[in-house]
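Participant: what shape does this take:
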Amino acid sequence: MKLEIQPIGNAYSEQAIDLILTIQQKEFNIPITIQDQPDLLQIESFYQEAGGNFWGAFIDGELVGSIALVKFEERAGAVRKMFVKKEFRGREFNIAQILLEILISFCRENNIHDIYLGTINVLKAAQRFYERNEFSKIEKETLPAKFPLMSADDIFYHIKIN
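Facilitator: Now for the predicted structure:
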């Protein structure tokens, strides 16, 4: 079993949609559809051309995880689409941790100092993961004006990196 992580573009939209919607809808019963997330159909223009990126984690050629960065200000970005397929979660595989570290390295290389993210109250493991990684919980009102809000998100985090 070999883990490979690489930036992905529109050619992977279908696999990314399948991975993410399955987790959102079937596993966590979050009432969100592809219509609510058109960015997944335009990965390159929404993420990469704007100065962010979208990474996929593959095991033996299968997309099992994702993370993306939306650059929304000169020095600020938002973490989006952080998902790992159920069977590949946990410390044994460490996929979420590796994905987050790749995103943070990308931010350092590109002078993005503030990283924000929104998540959903039911995603308790995700909240613990961000807190373990030194993200601080913040109030929605303190988010930057240009932060790309997702309607389902109700919990927000921030980390400052150098």
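
Participant: now do the phi/psi pair for the nearest residue to residue 25 once chain neighbours are set aside.
Facilitator: Spatial nearest neighbour of residue 25, chain neighbours left out: residue 32 (7.0 Å); criterion: C-beta to C-beta, 6 or more residues apart in numbering. Heads up, the C-betas are built off the backbone N, CA and C, glycines and all. As for residue 32, its main-chain torsions (degrees, to the nearest 10) stand at phi -130, psi 140.

Participant: what residues of the helix or strand containing residue 99 count as buried?
Facilitator: Secondary structure from DSSP states H and E places residue 99 in helix 95-109. The neighbour-count check on helix 95-109 (16 or more other C-beta atoms under 10 Å) flags 95-96, 98-100, 102-104, 106-107 as buried.

Participant: ok, back up a step: list the contacts for the residue nearest to residue 25?
Facilitator: 21, 24-25, 152 (C-beta atoms under 8 Å, 6 or more residues apart in numbering).

Participant: got it, and residue 130?
Facilitator: So residue 130 contacts 117, 119, 157 (C-beta under 8 Å, 6+ apart).

Participant: now do the phi/psi pair for residue 155.
Facilitator: phi -130, psi 140.

Participant: is it in a bridge, and if so with what?
Facilitator: residue 119 (DSSP bridges).

Participant: so it makes contact with residue 127?
Facilitator: Yes. Here residue 155 lies in contact with residue 127, judged by C-beta atoms under 8 Å, at a distance of 6.4 Å.

Participant: what residues are shared contacts of these two?
Facilitator: Any residue near both residue 155 and residue 127 by C-beta under 8 Å, 6+ apart counts here, and that gives residue 119.
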